[in-house]
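**Student:** Sequence and predicted structure below; questions after.
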Amino acid sequence: MLEIETLLKSYFSNNMMYDYVIVGGGVAGLYLTTKLRNKQVLLIEEHKNLGPRRCSGLISDRINKFFDLPKSIIEKEIYKAQLCCGEASAQINLNSVVLDKEKFETYLLRQAEKNVEVKSERVVKVSDDYHGVVVTTSQGVYRTKYVIGCDGANSLVRKTFLDEDPKKFFFGKFCYSNEKPSDEYKVFFDSKYSDLFAWTAPRRNKVEYGMICEKNLTNNYDTFMRAKNPKDVSEDYFGVIPTGLCKCSFPKGILVGNSAGMTKPLTGGGVIYSLIAGKIAARELNKDEPDFRNYEKKCVETFGKEISRQLLARRIYSKLSDHRKQKLISSVKRDRLSIDMDFPMADIFKDKKMRILKSFFGR
């Protein structure tokens, strides 16, 4: 028996049974760590200096409900966006900020380190056993009662415990140009650029050029960049965006953020949904006996319906000609809309915004 016990101790990197191991140190994982109380928690993130830059930093000002962010993290405040397709254009009102994503995640990491143990290791395997979950990394093996998958589009936790993926996968690519920024965010819906949209976005001392699409990313991106001809550009950044909420709970844990497709099908943004899900998750995880199915239920109730509506709108949008898009933009121009960036479909169903829906559906 003593030999078996010695072998087990040498097999595991320490003799601790964690309450939770969080796989992935992006926004979802980092924020969740700050909300957990009186639990033994290990956060494992592959990249020592956080993950690669995979998304733009344009986020609604709803983020202020979650953080009192230092001014150094906020590159710019944006209050309007110009929607464009061919010769048609319309301005909508936004309440948004552009974050320095690296500084933002570093800020979250510092908060996380005050509350949980953090290790920079690559997770290579996750498996369950009679006592809980075994997480194997490039440097060790850890035991936990439950595992939390915050490990993004290609989630190992999701692949291990759930036979379901998010409904769709989009692809994004962007770069920075060292030119003087304006105060306006421009969105281009021309089909020659993307089957979703392309954009130019002001940042602190530069302009961001990018696009998100479902197909032909490389060709579309090259077409867009040739048309806009930005000067003195940085390297390109690339990301995969899963969308369409999939099952996000299982007996040994949950998924939070991109790993469960918690993003907006119309824009690809997911930071706010990740934060909302993190707050919902923390309420369950802080209990002595967490109910993971209740976590999933609350996520579906809070933003699942919005995601479903956006998926439907996305399917309809994909069939629109540029001419129809221009008519839609003209309708927007007449109504001078203000849009909730995080819940646009719920917002657009209200009051006079129903006219936009009629135009969108071709009536």
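**Tutor:** Received it, and whenever you're ready, just let me know what you need. In this text, all values refer to a predicted model and were calculated from it rather than measured experimentally. Residues are numbered from 1 along each chain as shown.
**Student:** When you work out contacts or count neighbours from here on, use the C-alpha atoms and nothing else.
**Tutor:** Noted.
**Student:** Tell me, how many residues neighbour the residue nearest to residue 337 when sequence neighbours are not counted?
**Tutor:** Spatial nearest neighbour of residue 337, excluding adjacent residues (Cα to Cα, 6 or more residues apart in numbering): residue 92 at 5.2 Å. By the criterion of other Cα atoms under 10 Å, residue 92 has 16 neighbours.
**Student:** Residue 92 and residue 78 touch, don't they?
**Tutor:** No - the criterion here is Cα atoms under 8 Å, and residue 92 misses it with residue 78 at 11.2 Å.
**Student:** Can you tell me the element the residue nearest to residue 337 falls in?
**Tutor:** Element membership for residue 92 (DSSP states H and E) is strand 88-99.
**Student:** now for that strand, which elements pack on it?
**Tutor:** For strand 88-99, the packing partners by 3 or more Cα pairs under 8 Å, 6 or more residues apart in numbering; DSSP states H and E come out as strand 58-60, strand 74-85, helix 322-335.
**Student:** In TSV: these, plus mean neighbour count, mean pLDDT and distance to residue 293.
**Tutor:** Below are those laid out as TSV (neighbours: other Cα atoms under 10 Å; pLDDT from 0 to 100; distance: least, Cα to Cα, whole Å):
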stretch	mean neighbour count	mean pLDDT	distance to residue 293
strand 58-60	21	91	29
strand 74-85	20	93	36
helix 322-335	18	86	40
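**Student:** Residue 157 is nearest to which of these?
**Tutor:** Closest to residue 157 of these is strand 58-60 (Cα to Cα; 26.9 Å).
**Student:** Now the residue positioned nearest the centre of the chain: closest residue in space that isn't a chain neighbour?
**Tutor:** Nearest to the geometric centre of the chain sits residue 270, at 2.9 Å (Cα atoms, centre = their mean). If the residues on either side of it in the chain are set aside, residue 270 comes closest to residue 263, at 4.1 Å by Cα to Cα, 6+ apart.
**Student:** picking up where we left off before, list the residues that contact the residue nearest to residue 337.
**Tutor:** Residue 92 makes contact with 80, 81, 82, 83, 332, 333, 336, 337, 338, 339, according to Cα atoms under 8 Å, 6 or more residues apart in numbering.
**Student:** Could you check the pLDDT of the closest residue to residue 77 other than its chain neighbours?
**Tutor:** Once flanking residues are discounted, residue 77 sits nearest to residue 97: 4.4 Å by Cα to Cα, 6+ apart. Looking at residue 97, its pLDDT stands at 93.
**Student:** doesn't residue 71 make contact with residue 97?
**Tutor:** No - using Cα under 8 Å, residue 97 is not in contact with residue 71; the gap is 11.1 Å.
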